[in-house]
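A.B. asks: I'd like to go over a predicted model; first the sequence, then the structure.
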Amino acid sequence: MSSAVAVSAVFVRLKLSLLRNGVRQTTGRSAAFVGSVLLSLLVGGLTLLGMVALRGAEHAVDLSVVLVALIGLGWAFLPLFVGGADETLDPGRLAMLPLSPRALLAGQLAASVVGPGPLFSLLLVSGAAVAVAESAAGWLVSVVVVPLVLLVCTTLTRAIATANARLLSSRRGRDLAILSGIVVVFGIQGLNLGLSRLSEENLDSLGSLADVLGWVPPASGITAVRAASDGSYGVALGALAVTGAALALLLGWWSRTLTRLMTAPDASTLGESGSETARSGTGRAWSRWLPEGRAGAAMERSLRYAWRDPKTKMGWVMALGMGLLFPVIWAAQGNASVYQSCWASGMLGLLMFNQFGQDYSGFWLVAGTIADRRDALAELRGRALAIALVAVPFTTVVVVLSAVLLGVPSALPDALGVALAALGALLAAGAVASARFPYSVPQDNPMKNVAPGQGSVAWVGILAGLACGAALCAPLIALTMWLHGAADGLVWTILPLGAAYGLLLAWAGLRVAARWTADRLPEILTAVSRG
């Protein structure tokens, strides 16, 4: 036991040293760390005071239970985002140390309660316990529950991180972290909508949710505090037993996965040649459906970037998610319109901007094969087709669903026509902006999408492209409004007109962009190769 305590003390000092050294690297990291600590203290402190103010309120217990349940859910997702930022979270980094799994488990558990995240959680859990405790027995149980809940949360994070240690350090793991971002966005928006509903209506519906979550760890700890305050000591012991059993099970799972990780060989590289052959065969199978020539090659390259490159994948995921999320949010808020589904085509159309910057310094390989405007046109056409291959069916699905869910199927033709025209306009504007306002996307910094000194170029290109896209769509929008007022029976013609108009805009924009691309290859290569 003394060795475990000594190892825990070493791990705590290691975690503090890692935090201190990370802060000292750059001014930006120092400011970010200090800001995160201050934000944790501010938000956590205000939440603590708010929960104290709710003591004795009708729904204080229900809010406390739901709050702790959300904290536990957040800690469950934590490994997906901090697996590469906290060196003590990945046991693979500590494999060469002469430590037994039990000592390593104790050290990692001690390190897990150090940092802004645990401090923030401690304040929130303390506030939830204070809001519920109303007697001496309740206060006594809360003294046990607060650290117990924090240990359940941190142990959950460590167990999940250990079970997925090799995945989180691989490319697929990083892709999982990127893709999970959209899940978090949906979750935050859903929580926001739920809270707004609760603020508008009464909180009685919260009680049924709290009754269920009250027996799910770690929220079961708050149930123990409430039961002890009410004098139901049997229920309090039962809820405490549930929370303690959850901690014991998590520790057991963590210990087994940690032992297996430290002793079993890494099977991620076994059978690699066969898997690579299967993957390459699959890739050749779907690529047969793409056009021939340079346009097909550029289209395949763009689709592979969207699947493999983390930053490109993030752009695609956010575009698809936001294109679907915005109409849903407005519908839930009672401000729904079928035309808001045009966000789907708008968000995907923005992917056409800065096409050459996504290649970084590798653009010289593309530039070396562009001999004239015809080659440039084929290159841009392939990149636009890659976006349209996803954007057209996705936009169609979003518009159809919006029209059906809102009960206005008659508005489907004109809404879809305007959405397709907007897509074509943004593809045209994005192609021109890629040739006229290229900028570099740093590959060594996951938090930056624009190289230093090029921020104004990026903003000018995007804002000018959006303005041009809106201006290009203005005639069709005006025609749609006129038909609704003067000839409602002909509104359906907006669908074929919008599709044809969008195709015409994309064709014209690509030809203009191809001319500028062929004439400005050296300037584009210099702009996209900056660090």
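C.D. replies: Yep, that arrived. Predicted model, so just to flag it, every value in this text is computed and none were measured.

A.B. asks: Give the burial count for Leu122, as a bare number.
C.D. replies: 19 (other Cβ atoms under 10 Å). From N, CA and C alone the C-beta is placed, and that goes for glycine too.

A.B. asks: Identify the residues contacting it.
C.D. replies: Going by Cβ atoms under 8 Å, 6 or more residues apart in numbering, Leu122 touches 44, 146, 150.

A.B. asks: just Val400 next, same as before
C.D. replies: 412, 416.

A.B. asks: In which helix or strand does it reside?
C.D. replies: Using DSSP states H and E, Val400 sits within helix 373-405.

A.B. asks: Mind listing what's buried along that helix?
C.D. replies: 375-388, 390-392, 394-396, 398-403 (16 or more other Cβ atoms under 10 Å).

A.B. asks: now stretch 459-478
C.D. replies: 461-462, 465-466, 468-469, 472-473, 476-477.

A.B. asks: Need the contact partners of it.
C.D. replies: With contact meaning Cβ under 8 Å, 6+ apart, stretch 459-478 is reached by 349-350, 353-354, 417-418, 421-422, 425-426, 428-430, 432-434, 436-439, 494, 497-498, 501, 505.

A.B. asks: Which pLDDT value goes with Leu206?
C.D. replies: pLDDT for Leu206: 67.

A.B. asks: and if you look at Ile387?
C.D. replies: On the pLDDT scale, Ile387 gets 93.

A.B. asks: now it, nearest residue through space, not along the chain?
C.D. replies: Leu351 (5.3 Å; Cβ to Cβ, 6 or more residues apart in numbering).

A.B. asks: Can you pull out the low-pLDDT segments for the stretch 51-200 of the chain?
C.D. replies: Flagging of the stretch 51-200 of the chain using pLDDT under 70 yields the residue ranges 78-96, 165-200.

A.B. asks: how about the strands of it, start to end?
C.D. replies: Remark: no strands are assigned in the stretch 51-200 of the chain by DSSP state E, counting those that start in this stretch.

A.B. asks: Would you map the helices across it?
C.D. replies: In the stretch 51-200 of the chain, the helices defined using DSSP state H, counting those that start in this stretch lie at 60-77, 79-82, 101-112, 116-132, 136-163, 165-168, 171-200.

A.B. asks: for the stretch 351-500 of the chain, same thing?
C.D. replies: Under DSSP H, counting those that start in this stretch, the stretch 351-500 of the chain gives helices at 363-367, 373-405, 412-436, 455-486, 494-519.

A.B. asks: Select, out of those, the one closest to Thr223.
C.D. replies: Proximity to Thr223 (Cβ to Cβ) singles out helix 373-405 among these, at 38.0 Å.

A.B. asks: how much does the closest one deviate in direction from helix 494-519?
C.D. replies: 150 degrees (axes from the mean of the first three to the mean of the last three Cα atoms, to 10 degrees).

A.B. asks: shift numbering so it begins at 36
C.D. replies: That works, and once the first residue is 36, the last one we named lands at helix 408-440.

A.B. asks: what's the spacing between helix 408-440 and its chain's center?
C.D. replies: 23 Å (Cα atoms, centre = their mean, to the nearest Å).

A.B. asks: now the angle from that helix to helix 447-471?
C.D. replies: Calculated by the same axes, to 10 degrees, helix 408-440 forms an angle of 150 degrees with helix 447-471.

A.B. asks: Just send the helices of the stretch 386-535 of the chain back as CSV, with distance to Val247 too.
C.D. replies: Listed next are those as CSV, based on distance: least, Cβ to Cβ, whole Å:
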stretch, distance to Val247
helix 398-402, 55
helix 408-440, 28
helix 447-471, 40
helix 490-521, 46
helix 529-554, 47
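
A.B. asks: of these, which approaches Ser264 most closely?
C.D. replies: That would be helix 408-440 among the helices of the stretch 386-535 of the chain, by Cβ to Cβ, at 45.3 Å.
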